[in-house]
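[1] here is a sequence together with a model predicted from it:
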Amino acid sequence: MPAEAPSWSVRVATTGRDAARAFVRGTAFELGVPLGFDREAPSISAMEYALGAVGGELVVGFQRAARRRRLEVDTVEATVEARLENALVHLLVVGETGEPAMQALSARLYVTSPAEPEALRAAWDEVLRTSPLLATLRRAAVDLDLTLKPLA
Amino acid sequence: MKPVIVGAVLYDPKVSVIWEIIQEFFEARGCPIDTVFFTRYELQNDALLKGLLDVAWNSPLAWLDAQRRSNGGCRAIAMRDTDRDRVSRLVVRTDGPVDSLAALRGRTVAVGASDSPQATLIPLGLLERAGLRAGRDLEVRRHDVLVGKHGDHVGGERDALACLQRGEADACAMLDLNHDAWRADGTLDPARFRILATTDPFDHCVFTVRDDFPAAAEHPWLEALFSMRYEDPRHRQMMDMEGLKAWLPGRTTGFGQLSEAAERQGFWR
């Protein structure tokens, strides 16, 4: 453990109805509702950002792990999907019970690479072992289903 | 103006999107509403009859229940055009042995959730009027998906069709709208399955209020509701999602079959 644990921070402020902006080190991104059910909604929900963050952690994490191993990687792409325990609780539905907590998350990482599958597997194992968000979800007892799919 | 409190049963989070659009529409018309969601119609009627809700978007069974529990102290003030004159259909295999209702004697009929008017109560009422009582003259295979939501969730009805398709039932019941949609999307192959019988027309959901809902609140609320126009693209998205082309005044003449079926099948016991 480092003597003083580093921390990360963002500042988030509303910018209008169902809209917010997160300011991060001189840059910013826009957020919509916490949890969205409208497929036509133009804004990105907090939940979608969370899934994007996990996907980003996987693809860039894998890219870096492969680079450390001097593996040639053409493309890395992830699909991430999550299910909640009970989304209706978020909507204040009278009579619903439980929590709107993430119950399960599945991710598929597609990698196009001429490298040996065992070498790619070792990089993937490193990502699973060292990714902070994955580790947090694991500690929160989210049912994780994470798969590496090497493509020729 | 004090917001009118409107209740709705939410069988799917996506339905909340419809209510957000409705809320914005009423707000823009100067007739604000607050929406309260319920997981079951029973809870919604509890709130309506205790005076915690002004208007309840009720299933036909919930309408009957509200009337039953209030000794006729409720009114149906509005409904969708598509709530009027619906029918349910009994579907059988085209190459099967069932060619009449009487031929279902001793056989199995798949239905939806136990509290589904369209996929259970009314179709079983049709069979009863043909002299076929569930449990005595035929076996009923129920598909109790999300009981308490009165069949709003299509899952029980779809499971009943799957039961027929697997050959585990000789007939299944479904709402005409679902029958048409499943024929159109290929879920139900018209070459393999055909309609055996169709119920008499019945009505579906209604906005329900207590008798004492003040006219001063009701009139502007209805005026706003009836001002929605399908031709207006701002209204169309919600109306498509909710499955209507126009809001109409509520009527209570279309609940006889369901009332009779619920009584005869001992639903209220």
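    Looks like it came in fine.

[2] what does chain A put close to chain B?
    On the criterion C-beta under 8 Å from any C-beta of the partner chain, chain B has as its neighbours in chain A the residues A:37-38, A:40, A:87-88, A:90-96. Backbone N, C-alpha and C define where each C-beta goes, glycine included.

[3] if we use 6 Å, what do you get?
    Contact residues (C-beta under 6 Å from any C-beta of the partner chain) of chain A with chain B: A:37-38, A:87, A:91, A:93-96.

[4] next, check those residues against the helices and list the overlap.
    A:Ala87 (DSSP state H).

[5] tell me the least confident of the residues of chain A next to chain B?
    The lowest pLDDT within these belongs to A:Asp38, with 90.

[6] what is the neighbour count of the single nearest residue of chain A relative to chain B?
    When scored by C-beta to the nearest C-beta, chain A has A:Gly95 as its residue closest to chain B, at 3.4 Å. Neighbours of A:Gly95 under the rule other C-beta atoms under 10 Å in any protein chain shown: 16.

[7] what does B:Asp83 give?
    22.

[8] just the strands in chain B please.
    B:4-9, B:33-38, B:55-58, B:74-80, B:88-93, B:108-110, B:139-141, B:171-175, B:193-198, B:206-210, B:247-249 (DSSP state E).

[9] nearest to chain A, of these?
    Using C-beta to the nearest C-beta, these put strand B:33-38 closest to chain A, at 4.2 Å.

[10] list the contacts for B:Asp203?
    B:83-84, B:254 (C-beta atoms under 6 Å, 6 or more residues apart in numbering or on different chains).

[11] and the top helix by length along chain A, average pLDDT?
    For chain A, the helix reaching the highest residue count under DSSP H is reported as helix A:46-68. Averaged across helix A:46-68, pLDDT comes to 98.

[12] again, but for stretch B:44-57
    Mean predicted confidence for stretch B:44-57 is 98.

[13] again, but for stretch B:222-240
    Average pLDDT, stretch B:222-240: 92.

[14] can you give me the helices for the chain?
    No chain specified, so I'll use chain A. Under DSSP H, chain A gives helices at A:46-68, A:87-90, A:117-130, A:132-139.

[15] try chain B instead
    Going by DSSP H, chain B shows helices at B:15-28, B:41-49, B:60-69, B:122-129, B:155-165, B:176-185, B:215-226, B:233-242, B:256-264.

[16] the second one: how far from the chain's middle?
    Distance, stretch centre to chain centre, for helix B:41-49: 16 Å (C-alpha atoms, centre = their mean, to the nearest Å).

[17] near chain A, anything from it?
    Yes. Against chain A, helix B:41-49 shows contacts by C-beta under 6 Å from any C-beta at B:Leu43.

[18] before we move on, what about the longest one?
    Yes. On the criterion C-beta under 6 Å from any C-beta, helix B:15-28 is in touch with chain A at B:16-17.

[19] how's the chain carved up into domains?
    I'll assume chain A. A:9-44, A:46-151 (automatic domain parsing).

[20] wait, I meant chain B there
    According to automatic domain parsing, the ranges for chain B are B:4-83+B:203-264, B:88-198.

[21] follow-up on the earlier one: and the helices of chain B as JSON lines, adding distance to A:Pro100?
    Formatted as JSON lines, those follow (distance: least, C-beta to C-beta, whole Å):
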{"stretch": "helix B:15-28", "distance to A:Pro100": "13"}
{"stretch": "helix B:41-49", "distance to A:Pro100": "19"}
{"stretch": "helix B:60-69", "distance to A:Pro100": "26"}
{"stretch": "helix B:122-129", "distance to A:Pro100": "36"}
{"stretch": "helix B:155-165", "distance to A:Pro100": "21"}
{"stretch": "helix B:176-185", "distance to A:Pro100": "30"}
{"stretch": "helix B:215-226", "distance to A:Pro100": "31"}
{"stretch": "helix B:233-242", "distance to A:Pro100": "23"}
{"stretch": "helix B:256-264", "distance to A:Pro100": "35"}
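
[22] those: which one's closest to B:Thr108?
    Of all those, it is helix B:155-165 that lies closest to B:Thr108, at 8.4 Å by C-beta to C-beta.

[23] show me how far that closest one is from its chain's centre.
    Taking C-alpha atoms, centre = their mean, one finds helix B:155-165 lying 17 Å from the centre of the chain it belongs to.

[24] so it versus strand B:88-93, what angle?
    Inter-element angle recorded for helix B:155-165 and strand B:88-93: 30 degrees (by axes from the mean of the first three to the mean of the last three C-alpha atoms, to 10 degrees).

[25] list the contacts for B:Tyr11?
    Taking C-beta under 6 Å, 6+ apart, one finds B:149, B:152-153 in contact with B:Tyr11.

[26] Serialize the helices of chain A to TSV and add fields for distance to B:Asp185 and mean neighbour count.
    Shown next, in TSV, are the helices of chain A (distance: least, C-beta to C-beta, whole Å; neighbours: other C-beta atoms under 10 Å in any protein chain shown):
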stretch	distance to B:Asp185	mean neighbour count
helix A:46-68	28	18
helix A:87-90	25	19
helix A:117-130	39	16
helix A:132-139	36	14
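
[27] in chain B, what residue is nearest chain A?
    Closest point on chain B to chain A, by C-beta to the nearest C-beta, is B:Thr39, at 3.4 Å.

[28] ok, that residue to B:Ala191 distance?
    According to C-beta to C-beta, to the nearest Å, B:Thr39 and B:Ala191 sit 40 Å apart.

[29] looking at those two, which is more packed in?
    B:Thr39 (21 against 7).

[30] quick one: contacts for the closest residue to that one other than its chain neighbours?
    Spatial nearest neighbour of B:Thr39, excluding adjacent residues (C-beta to C-beta, 6 or more residues apart in numbering or on different chains): A:Gly95 at 3.4 Å. Residues near A:Gly95 by C-beta under 6 Å, 6+ apart: B:38-40, B:43.

[31] brilliant, that's me finished.
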